[in-house]
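In: 3D model of this:
(one chain, ligands or ions: 1)
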Amino acid sequence: MKHMKLAGVFILSLWYSLVDQTLASNDEKSNYLLSVGDIGARRLEVMDRLIGAHTRDAIKRVVQSKERIRIADIGAGDGSVSSFIASECGDECLPISLFDQSTKQLETAKEKLGEKALYIRLDILNSEAVTEYTGQFDVIHVRCLLMHLANPQQALQNLINMLADGGYLILQEPITSSAWANQHSEIFEAMNQALLVIGKFNGGDWDIGSSLETMIEDFKEVSITASWNSNSTANAKETKDLLGLGIKELEVPATNIANIDIEEVEKWYRTVMSLDQDSAFEYHLPTQSHLILKKNNTKF
Ligand SMILES: C[S@@+](CC[C@H](N)C(=O)[O-])C[C@H]1O[C@@H](n2cnc3c(N)ncnc32)[C@H](O)[C@@H]1O
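Out: Presented below is the predicted three-dimensional model:
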């Protein structure tokens, strides 16, 4: 018994050192335009505080506590959502499998989740690499990932392939053009237009939430069990936190890709940062489109 425990500890520490080595390697070249690692995590944490209640509502519809199910969070980013899934489902579901193409994101997520998760670097567009996980998961969660991809249909096919029969895919993607502010509207409109242009640069679509349901019609292996939109607002302080970080991250793509003068981008930043904390200012974040899909037990 003692030997078995020692062997277990040895295998576990070997596994963790292998993960550490994987995380220590440099990020590959990526099409992802936003920041990864600590800088990106700060913005993702703010965003999660603002839209997270809706995400959690979607997860609770599928994940009941104390169920023994295999869960993956794909394009997991800083692990904010995975942390919630881990607490919602409890030990029965651990470890959760966190997938991201970025080692820096996985490192940041590991600081939050530690041994509660496995950290796997994977490009969801790489069908060959995904084959290893065919039929492996009962629940897959994806938030704000498809919007960044040049081939979201391929990603959807790969995600569906990773689901076990009867498994659920929880999707949440934004409709960026729907965002608006109740003050300084021309600045916010200009920023939104720029976001859509920047998003398209690598073949992405930051408005993908509006076409998600139609895209799903191409996949006969899944049926939609629920579909709805959600809205969130930010006050002046929250807007400064979110857009202040976002504008800084997108300064280079805004000037290089959307051909916007740096002075203009600096003006956006100053406008956002000068918002009066006590005003009635409200920023209506991009509407989020939510879909819950179930993989049919019968193969087509
Ligand atoms: C906007 S973040 C969303 C993070 C997290 N899902 C959330 O909502 O907080 C998008 C994440 O997708 C990852 N990503 C981008 N392209 C990817 C790809 N082809 N395969 C896997 N992950 C990818 C990025 O590294 C980033 O962590």
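
In: And the helices in the stretch 151-300 of the chain?
Out: 152-162, 185-200, 212-216, 236-256, 262-273 (DSSP state H, counting those that start in this stretch).

In: And the pLDDT for the residue of the stretch 51-200 of the chain found nearest the ligand?
Out: Nearest residue of the stretch 51-200 of the chain to the ligand: residue 77, at 2.5 Å (C-beta to the nearest ligand atom). Where C-beta positions appear, they are placed from N, C-alpha and C, glycine not excepted. Note for residue 77: predicted pLDDT of 95.

In: circling back: ranking the helices of the stretch 151-300 of the chain by burial, who's on top?
Out: helix 152-162 (a mean of 20; mean count of other C-beta atoms under 10 Å).

In: helices or strands up against that helix?
Out: Contacts defined by 3 or more C-beta pairs under 8 Å, 6 or more residues apart in numbering; DSSP states H and E place helix 152-162 against strand 71-74, helix 127-130, strand 137-143, helix 212-216.

In: Tell me the first helix or strand C-terminal of the first one.
Out: Beyond strand 71-74 in the direction of the C-terminus, DSSP states H and E gives the next helix or strand as helix 80-89.

In: quick check: angle from that following helix to strand 137-143?
Out: 140 degrees (axes from the mean of the first three to the mean of the last three C-alpha atoms, to 10 degrees).

In: what does this protein put close to the ligand?
Out: With C-beta under 6 Å from any ligand atom as the criterion, the chain meets the ligand at residues 32, 36, 44, 48, 75-77, 80-81, 100-102, 105, 122-125, 143-145, 148-149.

In: pLDDT below threshold where in the stretch 151-300 of the chain?
Out: Residues of the stretch 151-300 of the chain meeting the criterion pLDDT under 70: 297-300.

In: please redo it, this time with the cut-off set to 90
Out: Along the stretch 151-300 of the chain, the parts satisfying pLDDT under 90 run over 183-195, 198-199, 201-202, 244-246, 248-260, 268, 276-279, 296-300.

In: that older thread, quick check: which of the helices and strands packed on helix 152-162 is buried the most?
Out: It is strand 71-74: most buried of the helices and strands packed on helix 152-162 by mean count of other C-beta under 10 Å, with a mean of 28.

In: The closest residue to residue 226 other than its chain neighbours pairs with what?
Out: Distance criterion C-beta to C-beta, 6 or more residues apart in numbering; nearest residue to residue 226, sequence neighbours excluded, is residue 292 at 4.3 Å. Beta-bridge partners of residue 292, counted by DSSP bridges, are residue 170, residue 226.

In: quick one: contacts for residue 292?
Out: 58, 61-62, 168-171, 224-227 (C-beta atoms under 8 Å, 6 or more residues apart in numbering).

In: mind checking how far the residue of the stretch 51-200 of the chain closest to the ligand is from residue 36?
Out: According to C-beta to C-beta, to the nearest Å, residue 77 stands 8 Å off from residue 36.

In: ok, residue 167 touching residue 295?
Out: Yes. With contact defined as C-beta atoms under 8 Å, residue 167 reaches residue 295; the gap is 5.0 Å.
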